[in-house]
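# Model the structure of this input:
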Amino acid sequence: MSDLQIEEATLEEAVAELSTLHDWLRWTTSQFASSSIFFGHGTDNAWDEAVSLLLPALSLPVDAPKELMHARLTSTEKNRLAGLIAERINDCTPVPYLTNIAWFAGMPFYVDERVLIPRSPFAELISNRFTPWLEEPQSVNRILDLCTGSGCIAIALAQAFEQAQVDAVDISYEALEVTDININDYMLSDRVLPIQSDVFSGVPGQKYDLIVANPPYVDAEDMADLPREFHHEPELGLASGHDGLDVTRTILSEASEHLTDNGLLFVEVGNSMVHMDALYPGAPFEWIEFEQGGLGVFVISKKQLDEYFAK
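The predicted model follows:
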C-alpha cells in the first residue's frame, strides 16, 4: 500500500460538501499532491493528473470549456469520482487504466491492464515521417510494428503513411485483443493487421521498408526500483533480462532478413542504452535527439546491419 491512504471518511466528506466540477478538481489536486502517488503515465503533476482522471470519468473532454467548471455534479457522479480517486491513491492504479483512455501522437486509444500505457517518443518521429532518415516517405509500402501492445504506434504509422500496410505484432494474445479494439475504433482493419508473433516468428519471409520496435527494455535493477504504478502493467511488456536487452538482441540478429534493401530499423531501448556500447562495440547506431523529450531510440539501416554483423 502507498504511504498515505485516503480514508473513507474523507471521501464521504467530499461527496457531501463538494458541489461543482471546479470543487472536485481543486480537492482532487490537493489529495494527489499530499499523497505518495507517482506521476508518469501521461502527466507530471497533481493538477494535470486530476484533470485527466475526472473529466473523462464524466464523459467530458480534457479541454472542456471553462464554463463547465461551475457545473454541479449529481450524487451518482460524485460517488463515482470518489471511488476512482480512492483507487488512484490507495491502489496506485494509473489513470489510463481507470479511464481506459491513453493518448499517443495526439490520438486517444483504449487501454487496460493487458497492455502498457503508451509513452514512447516514437510519436515525434511518426509525426515527422521519420525524416531525415527516411528520404522518400511516399515510397514506404510495408511497415512492421514490433511489440505493438495497444496498437497505438501501428495505428499512428498507418495514419502517417496512408499508402502503407502495417503489420502489428506482439507475443501476447491478450495484448492483441486490445490492439484489435483500437484498429476497429480507427476503422483501419484493411491496412493494419494484428499478428501473434515472438519477435519475427509470426512473419516468416516477410520484408518491410520500415521496422519500428518498442520492445520490453527495463533491466533487472530498474525493475526492482519501479514505482507501484508500473506494477499494474504487464511485466511481459517491461522486463527483458538482466540488462534489459534480451528482446533487442533477437531484433538486431534477425532484422536484416526482414528489411528491404533500403529498409530502416528504429528501436527504443530507453535507459538500457547504457548497456549497448559494451554489447555492440563500434556498432553504427545513430541515437536520436528528440525536441519533445525522450531518449534511448536508435536507427540503423539494413546495409549497416549487414556490414556490422558480417564482421
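# other SSEs contacting the longest strand along the chain?
In the chain, with assignment by DSSP state E, the single longest strand is strand 259-268. Judged by 3 or more CB pairs under 8 Å, 6 or more residues apart in numbering; DSSP states H and E, strand 259-268 is in contact with helix 122-127, strand 208-213, helix 246-254, strand 297-301, helix 302-309. C-beta: built from backbone N, CA, C; applies to glycine.
# tell me the contacts of residue 39?
Contacts of residue 39 were listed using CB atoms under 8 Å, 6 or more residues apart in numbering, and they are 45-46, 48-49.
# Local confidence estimate at it?
Listed pLDDT for residue 39 reads 93.
# Name the SS class of it, please.
Here residue 39 is recorded as coil under DSSP: H, G, I helix; E, B strand; the rest coil.
# got it, and residue 4?
With three-state DSSP as the criterion, residue 4 reads coil.
# gap between the nearest residue to it once chain neighbours are set aside and residue 46?
The shortest distance from residue 4 to any non-neighbouring residue, by CB to CB, 6 or more residues apart in numbering, is to residue 35 (4.8 Å). From residue 35 across to residue 46, the span is 9 Å (CB to CB, to the nearest Å).
# swap in residue 128?
To residue 46, residue 128 is 32 Å away according to CB to CB.
# go on, residue 32?
According to CB to CB, residue 32 and residue 46 sit 4 Å apart.
# same thing with residue 5?
17 Å.
# now swap in residue 180 and tell me
On the measure of CB to CB, residue 180 and residue 46 end up 35 Å apart.
# repeat for residue 205
Separation of residue 205 from residue 46 (CB to CB): 51 Å.
# Pick out whichever of those two has more residues nearby.
residue 46 (18 against 7; other CB atoms under 10 Å).
# Please tell me the pLDDT value assigned to the more buried one.
96.
# On the three-state scheme, residue 183 is what?
At residue 183, secondary structure determined by three-state DSSP is helix.
# which one is it nearest to, not counting chain neighbours?
Of all residues not flanking residue 183 in the chain, residue 192 sits nearest, at 4.9 Å (CB to CB, 6+ apart).
# isn't that neighbour right next to residue 152, touching?
No - applying CB atoms under 8 Å as the test, residue 192 and residue 152 come out as separate, 11.0 Å apart.
# Mind checking which of those two has more residues around it?
residue 152 (34 against 26).
# residues contacting that one?
102, 104-105, 107, 109, 118, 182 are the contacts of residue 152 under CB under 8 Å, 6+ apart.
# Return the closest of those residues with respect to residue 232.
The shortest approach to residue 232 among these belongs to residue 102, at 12.8 Å (CB to CB).
# number of nearby residues for the closest one?
Quick note: residue 102 (other CB under 10 Å) scores 25 neighbours.
# if I look at it, how far off is residue 131?
For residue 102 relative to residue 131 (CB to CB), the value is 26 Å.
# Repeat that for residue 53.
Taking CB to CB, one finds residue 53 at 36 Å from residue 131.
# And the two? Which one has more around it.
Of the pair residue 53 and residue 131, residue 53 is the one with more neighbours under other CB under 10 Å, namely 25 against 10.
# The more buried one: which element?
Assessed by DSSP states H and E, residue 53 sits inside helix 46-57.
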